[in-house]
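**Student:** next input, structure requested:
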Amino acid sequence: MPALAVESATAPAVAPHAFGASACDAARFAAPLLLGPADVPKPDAAAWSADLSSALYNVDGWGAPYFFVNDDGDIAVRPHGAATLPGQEIDLAKVVARASSAPATGGLGLPLPLLVRFPDVLRHRVEALNAAFRYAVSSTGYRSRYQGVYPVKCNQDRYVVEDIVDFGAPFGFGLEAGSKPELLLAMSCLAARGSPDAFLVCNGYKDLEYISLALVARTMGLNTVVVLEQEDELDIVVEASRRLGVRPVVGMRAKLRTKHAGHFGATSGEKGKFGLNAAEILSVVAKLKGLGMLDCLQLLHFHIGSQIPTTALLADGVGEAAQIYCELARLGAAMRVIDVGGGLGIDYDGTHSAETDMSVAYSLEEYAAAVVAAVGRVCDRKGVQHPVICSESGRALVSHHSVLVFEAFSASAPASNLDSATAYLLDELTDDCRGDYRNVMAAAVRGDFDTCAVYADQLKRRCAEQFKEGVLGLEHLAAVDGLCEIVARGMGVAERPRTYNVNLSVFTSIPDMWAIEQLFPIVPIQRLQERPNVDGILSDLTCDSDGKVDQFIGGRHSLPLHELPTHGTRGYYLGMFLGGAYQEALGGLHNLFGGPSVVRVSQSDGPHCFAVTRAAPGPSCADVLRAMHHEPEVMFEVLKQRTNDGATAAAIARAFGAMPYLSFDNEAVEMASSGMSSDSEGSAAGAAEDDDEEWEFMRGLTV
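**Tutor:** Presented below is the predicted three-dimensional model:
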């Protein structure tokens, strides 16, 4: 252990028994030995820089090519990736300021938390994926093409899906659906704005209604493929096709032997949830042949698992699937498409490694090259025509395009020091506790840190027991805790991370972090030119002990943070990045916290290089109550009948219309307070207001 900080000029040679003379004397004696945070020299701000923050949080690792720390110490966005020009970079802090500031100052007045979408990033992801496959096809002499689909389960937001279809139309990019409502939105979107050649891949468990809907889509000119997840789904396809008079295009999902380890590999392999094994594949082929429908079988689908860690594993799985594809062609099926499923991973921690589920050891280009080479190699060996290659890359498309911004509104206090004002309480301890205290101090002076730690722990436990018995008071317990804290610091024990309370629900906005321990980069979005001098963990608003973030990328159990702004000011904002996939769809209503406000921000030639093209506040209290089958209008009437004060009723109505999260708008708080005051000047005026206006306000609260 490190030695205690002893200043030889001031530390007297005192025998251990001398510590029993006076606790105040002991506190004075301990001062030069055990330095508290207030005594530690403050870090020199000039010795820190934005580049050091970028390295500390590994922004250039997980953020490339879209996120970086600019010279102002703010996180900024390159909306066009590496092709972004200097004048096109978007300062995220300025976006948040525009979105959250009052309309009177030119802002949008949106409450936080805030989800910021960047459609330009989404466009770049779509174009980059198609460019990677286009290059792989041309450079290897592959004799077909790539034509992918977006699995809408990753993010079903209307504008995200429409953007992907718009951006992907030049590439024949389509959609994948796994349920009836997803199929309906996919049909509508592709019919309105998609390429005529775009695939509509229908996955998931299916009933007659689902399959009939998919066949109806074919009558509308959509390039729909019904993928069999189970053998008995074929009977439903045959029945529906005869009833509707529609010739189906059928695919099947093969259950491969290839799988990978970790959480995301659990959906693959022979024990995977979906897919047909070898015997079932042969049975489907035989049934189709007997029905004269073998020409309907045109696509093979498989899924190795999300976040495939290496191209070696990828090539192994794709090679196995390509063998099955070639066998189906040999058996007479009119095969033309191999769908390699999802699995294209995201480098969440920026390590570019295959050691954990948080990263992958390849680039977009290397992924495409591995897929194309594996399919081409097997088909050439078998003498089978090269198929169209399809992928269902959702996570890789949408993860980067949105940033969740939230505010830390308070933090736990730093560990306190023992001073002469409280040290006298140690004199009032019982004899056995004072004995432990003397032993702690004596061991500290000797430099016997192991013994010091043992006696400090014993002192705390003994005092806790005596507190439970009513022998000691709360003040004594606090004094002992303070003593043990400074002893621990003097011994070199790291101070426990401080808790930063954030205006957020982990369960609603980052459900994967709670459910499967998925880590996302979390970084302060400004003040990165300052040294972060606090280790913190994040605690959300929910009444649940799991509502916290205490694991961070890089194996950290705390996050380097800055001291919060001084009292009376707000605005310490953090961003959660790479969460554009799954988090919105999986979020629940724990404690009835709804989703965040949303802004859509595009790069423009304006003064701040961006334009807000869409803005929407998050769900109100009335919205989330309706989602759980409550009736806000009826609830309001019940409460209104309990008060004769019109201003109070108006304040209750405003509460139904507010977001569930904390509000730090001082003006709004003052208005609400005055509205709730029965003797305010506004009460009489409020009472005189027409009740219909309040009712109209409640009726205006829409889901």
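
**Student:** roughly how far apart are P524 and V534?
**Tutor:** Separation of P524 from V534 (CB to CB, to the nearest Å) stands at 11 Å. (Each C-beta comes from the backbone N, C-alpha and C, glycine too.)

**Student:** should've said V152
**Tutor:** Per CB to CB, V152 is found 41 Å from V534.

**Student:** okay, those two: which has more neighbours?
**Tutor:** V152 (24 against 18; other CB atoms under 10 Å).

**Student:** ok, and the closest non-adjacent residue to the more buried one?
**Tutor:** Spatial nearest neighbour of V152, excluding adjacent residues (CB to CB, 6 or more residues apart in numbering): E182 at 5.1 Å.

**Student:** repeat for F173
**Tutor:** For F173, the spatially nearest residue (CB to CB, 6+ apart) is G148, at 5.7 Å.

**Student:** try G141
**Tutor:** G141's closest residue in space is G376 (CB to CB, 6+ apart), at 7.8 Å.

**Student:** that neighbour: what secondary structure?
**Tutor:** For G376, the assignment made with DSSP: H, G, I helix; E, B strand; the rest coil gives helix.

**Student:** ok, back up a step: what is in contact with P524 and V534 at once?
**Tutor:** 561-562 (CB atoms under 8 Å, 6 or more residues apart in numbering).

**Student:** now the helix or strand hosting G61: buried residues?
**Tutor:** Per DSSP states H and E, G61 falls inside helix 59-62. By 16 or more other CB atoms under 10 Å, the buried positions in helix 59-62 come out as 59, 61-62.

**Student:** who touches that helix?
**Tutor:** 53-54, 67-69, 75, 347-352, 521, 523, 553, 577-578.

**Student:** out of the residues you listed, which are inside strands?
**Tutor:** If you go by DSSP state E, the contacts of helix 59-62 have 67-69, 75, 523 in strands.

**Student:** tabulate the residues you listed (TSV), appending neighbour count and pLDDT.
**Tutor:** Below are the ones in strands among the contacts of helix 59-62 laid out as TSV (neighbours: other CB atoms under 10 Å; pLDDT from 0 to 100):
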residue	neighbour count	pLDDT
F67	24	98
F68	18	98
V69	26	98
I75	28	98
V523	28	98
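
**Student:** between all of those residues, which two are separated the most?
**Tutor:** Within the ones in strands among the contacts of helix 59-62, two members stand farthest from each other by CB to CB: F68 and V523, at 11.2 Å.

**Student:** common neighbours of these two, please.
**Tutor:** Common contact partners of F68 and V523 (CB under 8 Å, 6+ apart): 59, 75.

**Student:** quick check: mean pLDDT across stretch 430-438?
**Tutor:** The average pLDDT within stretch 430-438 is 90.

**Student:** pLDDT below threshold where in the stretch 1-150 of the chain?
**Tutor:** 1-46 (pLDDT under 70).

**Student:** hey, where'd the strands end up in it?
**Tutor:** Remark: strands assigned in the stretch 1-150 of the chain by DSSP state E, counting those that start in this stretch are 67-69, 75-77, 90-91, 114-117, 149-151.

**Student:** returning to what we had before: count the neighbours of the residue nearest to G141 for me.
**Tutor:** 21.

**Student:** re earlier: the residue nearest to V152 contacts Q156, doesn't it?
**Tutor:** Yes: using CB atoms under 8 Å, E182 is in contact with Q156, at 6.7 Å.

**Student:** what about the longest strand in the protein?
**Tutor:** If you go by DSSP E, the chain has its longest strand at strand 402-411.

**Student:** and the contacts of helix 59-62, which are buried?
**Tutor:** Buried among the contacts of helix 59-62 by 16+ other CB under 10 Å: 53-54, 67-69, 75, 347-351, 521, 523, 553, 577-578.

**Student:** check the gap between the residue nearest to F173 and G575 for me.
**Tutor:** G148 is 29 Å from G575, by CB to CB.

**Student:** ok, now which ones touch P181?
**Tutor:** No contacts exist for P181 under CB under 8 Å, 6+ apart.

**Student:** now name the helix or strand holding it.
**Tutor:** Going by DSSP H and E, P181 is part of helix 180-193.

**Student:** before we move on, the earlier item: so between E182 and Q156, which is more surrounded?
**Tutor:** E182 (20 against 17).

**Student:** show the pLDDT at V152.
**Tutor:** Looking at V152, the pLDDT reads 97.

**Student:** just checking, it touches A177?
**Tutor:** Yes: using CB under 8 Å, V152 makes contact with A177 at a distance of 6.1 Å.

**Student:** which neighbours do these two have in common?
**Tutor:** 185-186.

**Student:** top helix in the protein by residue count?
**Tutor:** The longest helix of the chain (DSSP state H) is helix 119-140.

**Student:** buried ones in that one?
**Tutor:** 119-130, 132-133, 136-137.

**Student:** next, the residue nearest to F173: phi, psi?
**Tutor:** With angles defined as degrees, to the nearest 10, G148 sits at phi -90, psi 170.
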